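K.L.:
prediction below, plus the sequence it came from.
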Amino acid sequence: MRRFRFTLERVLELRRYKEREWELKLAKITGICFTIERRISEIDTQIKNTIQSLFRSDMIGDYSYLVSNEFYMTRLRQERRDKEEELKKRIDERQAIQIEYLVHSRKRKVLEKLKEKREKEYYSLVNKEEFKITDDINNGIFFRKEKE
């Protein structure tokens with residue numbers, strides 16, 4: 001029995017490659033988003049720790065310490081706002097990449113379904129042909145034995 005050969009195998013390979021390419025782009029941008037989210041979380045923790053340090057008993061009357069902490073928290077808050085803006089842009093970018101990934105994934109899946117369908121038809125036809133050949137051989141043997 002001959003092996004099934006899909007005539008569009010090269011196209012399928014190209015679609016798999018394109019899908020993988022977009023999948024890697026999606027993974028990269030998702031990693032960037034997670035990194036930004038983690039940095040925002042770190043900034044929140046730093047702000048919380050700085051606020052808590054303001055209430056330590058040995059630093060309550062130190063004016064320079066209060067001013068430096070206020071400048072530090074102002075810088076952290078600004079960095080947090082910047083990171084949130086960057087995160088919004090990256091999330092929009094990730095959504096666009098995800099849409100492209102889904103488009104390429106659908107194209108590959110359609111071609112794979114076609115391949116599966118044609119492969120099933122091919123093997124069904126081959127099995128029918130083999131059955132016919134086997135049946136002809138058996139009938140020939142039966143008629144030869146009857147003539148003897």
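P.N.:
Happy to help now that I have it. Fair warning: this is a prediction, and the values are worked out from it, not measured in the lab.
K.L.:
just for this structure, where's the confidence low?
P.N.:
1, 57-61, 148 (pLDDT under 70).
K.L.:
cutoff 90 now
P.N.:
For the chain, applying pLDDT under 90 flags the ranges 1-7, 50-69, 126-148.
K.L.:
which elements pack onto the helix ranked longest in the chain?
P.N.:
Longest helix of the chain, by residue count under DSSP state H: helix 63-147. The criterion is 3 or more CB pairs under 8 Å, 6 or more residues apart in numbering; DSSP states H and E, and the helices and strands that helix 63-147 contacts are helix 9-54. In short, each C-beta sits where N, CA and C put it, glycine included.
K.L.:
from the contact counts, what lies against the helix it packs on?
P.N.:
Short answer (3+ CB pairs under 8 Å, 6+ apart): helix 9-54 packs on helix 63-147.
K.L.:
tell me the angle the helix it packs on makes with helix 9-54.
P.N.:
150 degrees (axes from the mean of the first three to the mean of the last three CA atoms, to 10 degrees).
K.L.:
now do the phi/psi pair for residue 4.
P.N.:
phi -70, psi 130 (degrees, to the nearest 10).
K.L.:
state the helix or strand in which residue 2 lies.
P.N.:
For residue 2, there is no host helix or strand (DSSP states H and E).
K.L.:
ok, residue 76 - contacts?
P.N.:
43, 46, 47, 50 (CB atoms under 8 Å, 6 or more residues apart in numbering).
K.L.:
what about 7 Å?
P.N.:
43, 46, 47 (CB atoms under 7 Å, 6 or more residues apart in numbering).
K.L.:
check the gap between the residue sitting nearest the centre point of the chain and residue 89 for me.
P.N.:
Nearest to the geometric centre of the chain sits residue 23, at 4.6 Å (CA atoms, centre = their mean). In this view, residue 23 and residue 89 are 21 Å apart by CB to CB, to the nearest Å.
K.L.:
which of the contacts of residue 76 lies closest to residue 102?
P.N.:
residue 43 (33.0 Å; CB to CB).
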